[in-house]
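[1] Show me how the following folds:
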Amino acid sequence: MEIIVRGGLGRTALAAVVLAVLMTATGCAYALRDLGPLPPRFSGPPMAADTAVAEMTSVLAAEGFTVEREPSNVLGRCFERLWGRHTPQTANAALKAAFARARSQYGWQNGPDMGSETLTLTKGNWTVLAGLPTEPAQGLEATVVMSLTCVDAGTPTAFPASSVPELTPEPAKS
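    Residues are numbered from 1 along each chain as shown. From the prediction side, this is the model:
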């Protein structure tokens, strides 16, 4: 019985190779042709990190959030994080209002749908993501964490000047 199974597997593998060669030799290789460079992942000029952070800080503050910025110091990544605090009773409504304000005042667009508990916005090369705050412990303010991520981290406009460390090459070892 084992010999038949092994022989069957060998024939199946051979048939798969023959089929792959035939598909490539006929018209299926046409689908793999080079279509040129991919289109840009965002439209318009890239926006500086300081601009994205300033706009989002402004809309959060306008809705009553106390906002702190936690910049990323990782070279080659453009990622910013904002922490906001608000009274727990109205934190969800205030966060939704801040996102609506960002759309109306600064031209941010709705981002990808990440579910009912997450809000997203996009503008230029930036995407903003914030989860709706959960109920905090008694006597504490609700905390909102807003993540700002840049699509094109290689551009010099993605980083504020103060966050890009000066690089000096190491001497050559002999």
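[2] distance of Thr149 from Cys78?
    7 Å (Cβ to Cβ, to the nearest Å). Quick note: C-beta positions are derived from backbone N, CA and C, even for glycine.
[3] More neighbours: those two, which one.
    Between Thr149 and Cys78, counted using other Cβ atoms under 10 Å, Cys78 has the larger neighbour count: 26 against 18.
[4] beta partners of the residue nearest to that one when sequence neighbours are not counted?
    Ranked by Cβ to Cβ, 6 or more residues apart in numbering and with sequence neighbours excluded, the top spatial neighbour of Cys78 is Cys150, at 3.2 Å. Beta-bridge pairing of Cys150 under DSSP bridges involves Trp126.
[5] So Cys150 is in contact with Val128, correct?
    No - if you go by Cβ atoms under 8 Å, Cys150 and Val128 don't touch, sitting 10.8 Å apart.
[6] overlap in contacts of these two?
    Taking Cβ atoms under 8 Å, 6 or more residues apart in numbering as the criterion, Cys150 and Val128 both touch Ala52.
[7] mind listing the helices for this structure?
    2-25, 49-62, 91-106 (DSSP state H).
[8] any idea which of these scores lowest on pLDDT?
    Sorting those by mean pLDDT places helix 2-25 lowest, at a mean of 62.
[9] mind listing what Met47 touches?
    Contacts for Met47 were tallied using Cβ under 8 Å, 6+ apart; they are 123-126, 157.
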